[in-house]
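Colleague: Provided below for reference: sequence and predicted model.
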Amino acid sequence: MGAMNYYDAKDIANSFRTVRTNTIQIAEDIPEEKYDFRPAPDARSVAQTLIHISNIPRFALMLHRDTKQSTLEGFDFPGFVKPLTAMEENPGSRAGILDRLREGMEEFASFAESLDEDYLGEVITMPAGGTPPTRTRFDMLIAVKEHEMHHRGQLMLIERMLGITPHLTRRQQERMKAMAAGKP
């Protein structure tokens, strides 16, 4: 019997769907003509950041669904990410990017919610020198959402730079206004 997780596979899937839905809203709120905007010369453009986000689950799906590896010792990570990084150089249209984000949401979430507690508790050995030296599948799947939230925060700052108030801020402002007016 594995360790009891209070945050289970369905929670991983649901929280990922929430995060990705918010990312998609940001992608929809930024006009297509601003998809080439870069906050600094060496930074990814909006389109490149969104393609990067769409690719974040690819490693987890390969590792936990497709190959079910128990070690990353000897894994060719640069070889794995090379075609994904190449996609960032030619991200395509806004509509295509939005499609990738939507399709990827369900692909990852459906996989995550299918997992049982024992599988989530399995330990993966990291490459030599990895810190920590091992991680659970659970931890690695949660990291997909954390990585996306990191880049989504960048996009929210870019929205501000473009004069767009992020949708989560707009919602909070609306709630505060309603509360001030005495509405629930």
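Modeller: Yep, that arrived. Residues are numbered from 1 along each chain as shown.
Colleague: can you pull the contacts of the most centrally placed residue in the chain?
Modeller: With distances taken as Cα atoms, centre = their mean, E148 lies nearest the centre of the chain, 2.8 Å away. Taking Cβ atoms under 8 Å, 6 or more residues apart in numbering, we find E148 in contact with F16, V19, R20, T23, I53, I56. Just so you know, the C-beta spots here come from the backbone N, C-alpha and C atoms, and that holds for glycine as well.
Colleague: if you set the cut-off to 6 Å instead, what comes out?
Modeller: When contacts are counted by Cβ atoms under 6 Å, 6 or more residues apart in numbering, E148 touches V19, I53, I56.
Colleague: How about E113?
Modeller: Here E113 is in contact with A9, K10, A13 (Cβ under 6 Å, 6+ apart).
Colleague: Tally up the residues packed near the first one, please.
Modeller: Meaning A9. 20 (other Cβ atoms under 10 Å).
Colleague: G104 is in contact with R20, correct?
Modeller: No. Between R20 and G104 there is no contact under Cβ atoms under 6 Å: 7.4 Å.
Colleague: who's more crowded, those two?
Modeller: More neighbours surround R20 than the other of R20 and G104, with 25 against 19 (other Cβ under 10 Å).
Colleague: Run through the strands of the protein in chain order.
Modeller: Along the chain, counting by DSSP state E, strands occupy 123-125, 134-136.
Colleague: Mind putting these into a markdown table with mean pLDDT, distance to R160 and mean neighbour count?
Modeller: Formatted as a markdown table, the strands of the chain follow (pLDDT from 0 to 100; distance: least, Cβ to Cβ, whole Å; neighbours: other Cβ atoms under 10 Å):
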| stretch | mean pLDDT | distance to R160 | mean neighbour count |
| --- | --- | --- | --- |
| strand 123-125 | 97 | 37 | 15 |
| strand 134-136 | 96 | 34 | 16 |
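Colleague: Of these, give the one that comes closest to L115.
Modeller: strand 134-136 (11.5 Å; Cβ to Cβ).
Colleague: name the helices or strands packed onto that closest one?
Modeller: strand 123-125 (3 or more Cβ pairs under 6 Å, 6 or more residues apart in numbering; DSSP states H and E).
Colleague: Apply 10 Å and report the result again.
Modeller: helix 117-121, strand 123-125, helix 137-161 (3 or more Cβ pairs under 10 Å, 6 or more residues apart in numbering; DSSP states H and E).
Colleague: Identify the residues contacting the second one?
Modeller: If I follow you right, that is strand 123-125. 63-64, 69-73, 130, 133-137, 139-140 (Cβ atoms under 10 Å, 6 or more residues apart in numbering).
Colleague: Out of those residues, which end up buried?
Modeller: Among the contacts of strand 123-125, those buried by neighbour count (16 or more other Cβ atoms under 10 Å) are L63, H64, L72, R135, T136, R137, M140.
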